[in-house]
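Peer 1: Kindly generate the corresponding structure for this input.
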Amino acid sequence: MYYNALFEQGLNIALRAYEVSLELDNDTLIGSAENLLGLLLMNVGRNADALDHFRNAVRLIPKYHGNGYLSFNYHATSNIAECFLKLNMPDSVIHYSILSLEEAETLGKERGLGITYWNLAEAHMQLRNLKKAQGFAHQGLDIVMDSPHRDVNQMLCASLMRTHELAGDRDSAYAFLSLGLLENNDPLNTDYSRVDFLNQAIDMSLRYRDVAKATELISTLKSLERELDSKEQGQRIDLLRDYYEKKQVLVKTQEELEVQERVIQLRTRVLVTMVALALLLLVVIYLSFRFFRQRQQIQSLEFQQQKEQDRREAELAAFGERMKALQTERNRIASDLHDDIGASLSSIRIYSDAATSKFEDRPEEVLRLMALIRETSVGLMDRMSDIIWTISSNHDSAEDLVLRMKSHGGKLFNSVGIRPVYLLNGDLSQFHPSVQARKNIYLIFKEAVNNMAKYGNAETALITISVENGTFRLSIKDDGIGFDLSEQKDGNGLKNMRQRATALNGQLTILSNKGHGTEVSLTCEIAKISDAFIHG
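Peer 2: Residues are numbered from 1 along each chain as shown. Model prediction:
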């Protein structure tokens with residue numbers, strides 16, 4: 001779960017492991033469970049809670065215990081240092097890193113030593129003590145250079161690359177960039193390390209204004225991300241499927257034991273009934289009737305168990321299909337984003353080359369080209385912002401969608417002097433639109449208000465958003481000049497809105513008359529566009 005980034009599921013299992021370790025009453029086991037809980041909490045951003053668990057682990061795990069299947073004391077101490085590194089507290093990082101060195105050196109743990117020296121290098125970099133940072137990074141690199149821990153080697157190359165950049169030594173920075181890139185071809189390296197190093201290398205190239213190198217690295221990163229995205233999703237689905245299948249087996253086994261216990265009890269009662277048969281015929285009749293009723297209960301219980309198993313299998317299959325659908329959407333978004341960025345960067349490069357060639361002879365043309373570069377850059381940033389917001393799991397509620405609409409509408413309406421009025425009906429907190437629905441609803445809104453600002457000549461815009469009776473409705477109405485629908489031909493904007501409404505299985509209505517304003521309304525069934533709809 002941890003190495004596949006399934007931190008929430010991993011936390012549930014780690015908590016069960018912690019409960020088992022408490023029952024066994026073994027300090028080393030309890031400390032190892034505490035260390036695992038801290039790692040998972042740190043990776044979901046709960047650093048303060050993680051620190052408490054790491055400190056418990058340091059207190060409980062004995063040094064030099066020798067059991068390679070459990071956490072060592074230096075693991076927990078080094079994790080405390082990394083947690084403080086995330087909290088930007090370099091003095092604490094240095095303190096706990098030094099504490100972890102002795103045990104790691106005694107046990108000959110190359111990986112532990114490499115990570116500890118990386119912590120020290122990063123801490124001194126935060127303190128702007130670049131010579132010490134380089135010294136610790138070189139110490140770690142000497143230890144892991146010929147080891148199988150290629151991700152740690154690449155981490156240290158990244159630290160040396162950044163320290164030399166901060167020191168103004170461009171040649172050395174590029175040398176460690178090249179050395180770190182070699183690790184991307186090593187099969188022992190981790191996918192996380194490859195992606196993280198490429199991001200740092202791209203940032204440095206951009207700071208050096210090395211557009212060619214940055215473009216090359218961005219292309220490499222996008223190819224790697226697409227490859228890893230498909231592989232990681234498959235691994236996660238397989239891991240989750242294995243987890244839930246094993247959980248179902250455990251539940252089924254427990255249920256079978258309960259049934260067997262009831263059968264044993266039933267047989268005991270039947271035996272007593274048989275012995276008493278010669279004494280009281282009435283008692284036999286009574287007990288026979290009771291036996292029949294109990295058999296019915298067992299059959300009913302088995303039937304319910306089968307129904308529950310079928311339901312769980314159906315849920316698992318639906319989960320797999322949903323993950324595949326999400327993967328397909330993510331791949332499509334990644335492809336669109338890649339094409340959009342490529343086209344925009346090519347335009348910027350062409351404009352830049354043209355401006356350079358005309359700098360002395362035609363300065364007025366240079367100003368026009370610079371304006372085009374700025375317009376292209378702003379447009380690219382706006383489109384990237386929309387895509388990033390759409391796919392972010394932090395914006396999956398209708399309330400976040402409304403905030404995004406207000407943010408875009410506020411800037412646009414303010415620039416043209418339109419007064420916006422927003423009406424919200426129903427409980428929006430209970431509606432969670434899917435990624436595709438969130439994108440299409442927002443882009444329909446964006447197209448409608450952009451048209452209003454360009455052509456409507458309106459003073460007031462009324463935006464109504466309602467979630468009622470299983471229906472989502474969005475209405476954008478203005479008091480502008482309007483237009484004659486019979487004379488209007490669908491341009492790209494109106495076609496796009498209608499296509500997005502069709503993708504939502506919804507209905508788009510446009511009402512307008514000259515001199516009486518325009519209203520664009522979208523109506524959809526919530527069940528068809530929602531990830532989760534909770535009835536109160």
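
Peer 1: ok, and what's touching stretch 12-31?
Peer 2: For stretch 12-31, the surrounding residues in contact (CB atoms under 8 Å, 6 or more residues apart in numbering) are 1, 32-34, 36-37, 40, 56-62, 65, 67, 70-71, 73, 76, 243. Just so you know, the C-beta spots here come from the backbone N, C-alpha and C atoms, and that holds for glycine as well.

Peer 1: Return the alpha-carbon coordinates of it using PDB.
Peer 2: Presented in PDB, the C-alpha positions along stretch 12-31 are these (Å, rounded to 0.1, in the frame of the first residue of the first chain):
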ATOM      1  CA  ASN A  12      -6.400   1.300   8.000                       C
ATOM      2  CA  ILE A  13      -4.200  -1.800   7.700                       C
ATOM      3  CA  ALA A  14      -1.400  -0.100   9.800                       C
ATOM      4  CA  LEU A  15      -3.900   0.700  12.600                       C
ATOM      5  CA  ARG A  16      -4.900  -3.000  12.600                       C
ATOM      6  CA  ALA A  17      -1.300  -4.000  12.800                       C
ATOM      7  CA  TYR A  18      -0.800  -1.600  15.700                       C
ATOM      8  CA  GLU A  19      -3.700  -3.200  17.600                       C
ATOM      9  CA  VAL A  20      -2.200  -6.700  17.000                       C
ATOM     10  CA  SER A  21       1.200  -5.500  18.300                       C
ATOM     11  CA  LEU A  22      -0.500  -4.100  21.400                       C
ATOM     12  CA  GLU A  23      -2.100  -7.500  22.000                       C
ATOM     13  CA  LEU A  24       1.300  -9.200  21.600                       C
ATOM     14  CA  ASP A  25       2.800  -6.700  24.000                       C
ATOM     15  CA  ASN A  26       6.100  -6.500  22.200                       C
ATOM     16  CA  ASP A  27       7.900  -3.100  22.200                       C
ATOM     17  CA  THR A  28       9.800  -3.800  19.000                       C
ATOM     18  CA  LEU A  29       6.600  -4.700  17.200                       C
ATOM     19  CA  ILE A  30       4.700  -1.800  18.600                       C
ATOM     20  CA  GLY A  31       7.500   0.600  17.700                       C
END
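
Peer 1: Could you give the average pLDDT over the helix or strand residue 138 falls within?
Peer 2: Secondary structure from DSSP states H and E places residue 138 in helix 130-144. Mean pLDDT, helix 130-144: 95.

Peer 1: Would you mark the buried spots in it?
Peer 2: The neighbour-count check on helix 130-144 (16 or more other CB atoms under 10 Å) flags 130, 132, 133, 134, 135, 136, 137, 139, 140, 141, 143, 144 as buried.

Peer 1: Please look at the first one and residue 168 and confirm they touch.
Peer 2: No: with contact taken as CB atoms under 8 Å, residue 130 and residue 168 are classed as non-touching, separated by 9.7 Å.

Peer 1: Look up how far residue 108 lies from residue 62.
Peer 2: Per CB to CB, to the nearest Å, residue 62 is found 18 Å from residue 108.

Peer 1: same for the helix holding residue 138, what does it pack against?
Peer 2: Helix 130-144 sits against helix 110-126, helix 150-166, with contacts defined as 3 or more CB pairs under 8 Å, 6 or more residues apart in numbering; DSSP states H and E.

Peer 1: give me that answer again for 10 Å
Peer 2: helix 90-107, helix 110-126, helix 150-166, helix 170-182 (3 or more CB pairs under 10 Å, 6 or more residues apart in numbering; DSSP states H and E).

Peer 1: Make JSON lines from the ones you listed and add mean pLDDT and distance to residue 475 to it.
Peer 2: Shown next, in JSON lines, are the helices and strands packed on helix 130-144 (pLDDT from 0 to 100; distance: least, CB to CB, whole Å):
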{"stretch": "helix 90-107", "mean pLDDT": "93", "distance to residue 475": "54"}
{"stretch": "helix 110-126", "mean pLDDT": "95", "distance to residue 475": "52"}
{"stretch": "helix 150-166", "mean pLDDT": "95", "distance to residue 475": "51"}
{"stretch": "helix 170-182", "mean pLDDT": "95", "distance to residue 475": "53"}
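
Peer 1: Nearest to residue 441, out of these?
Peer 2: Evaluated with CB to CB, these place helix 150-166 nearest to residue 441, the distance being 40.5 Å.

Peer 1: mind exporting the closest one as CSV, just the C-alpha atoms?
Peer 2: C-alpha atoms of helix 150-166 as CSV (Å, rounded to 0.1, in the frame of the first residue of the first chain):
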residue,chain,number,x,y,z
ARG,A,150,19.8,4.2,-7.2
ASP,A,151,16.9,6.4,-6.0
VAL,A,152,19.1,7.6,-3.1
ASN,A,153,22.0,8.2,-5.5
GLN,A,154,19.7,10.4,-7.7
MET,A,155,18.4,12.3,-4.6
LEU,A,156,22.0,13.2,-3.7
CYS,A,157,22.7,14.2,-7.3
ALA,A,158,19.7,16.6,-7.1
SER,A,159,21.0,18.1,-3.9
LEU,A,160,24.5,18.7,-5.4
MET,A,161,22.9,20.1,-8.6
ARG,A,162,20.9,22.7,-6.5
THR,A,163,23.8,23.6,-4.2
HIS,A,164,26.1,24.3,-7.1
GLU,A,165,23.3,26.4,-8.7
LEU,A,166,22.9,28.4,-5.5
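
Peer 1: More neighbours: residue 62 and residue 108, which one.
Peer 2: Shown here are residue 62 and residue 108; by other CB atoms under 10 Å, residue 62 has more neighbours (12 against 8).

Peer 1: Hmm, the more buried one is touching residue 73, no?
Peer 2: Yes: counting by CB atoms under 10 Å, residue 62 touches residue 73, with 6.9 Å between them.

Peer 1: Let me see the ranges of the helices in the stretch 201-350 of the chain.
Peer 2: Along the stretch 201-350 of the chain, counting by DSSP state H, counting those that start in this stretch, helices occupy 211-276, 281-357.

Peer 1: Mean pLDDT lowest where, among those helices?
Peer 2: helix 281-357 (a mean of 73).

Peer 1: Could you break the chain into its assigned domains?
Peer 2: Per automatic domain parsing, the domain ranges recorded for the chain read 1-108, 395-533.

Peer 1: Out of the buried residues of helix 130-144, which is nearest to residue 180?
Peer 2: Looking across the buried residues of helix 130-144 and measuring by CB to CB, the closest to residue 180 is residue 141, at 10.6 Å.

Peer 1: Helices of the stretch 401-536 of the chain, start to end?
Peer 2: Under DSSP H, counting those that start in this stretch, the stretch 401-536 of the chain gives helices at 435-451, 492-503, 526-529.

Peer 1: So what touches the last one?
Peer 2: What it means is helix 526-529. Helix 526-529 is touched from outside by 398, 426, 430-434, 436-438, 440-441, 467-472, 503-506, 533, with contacts defined as CB atoms under 10 Å, 6 or more residues apart in numbering.
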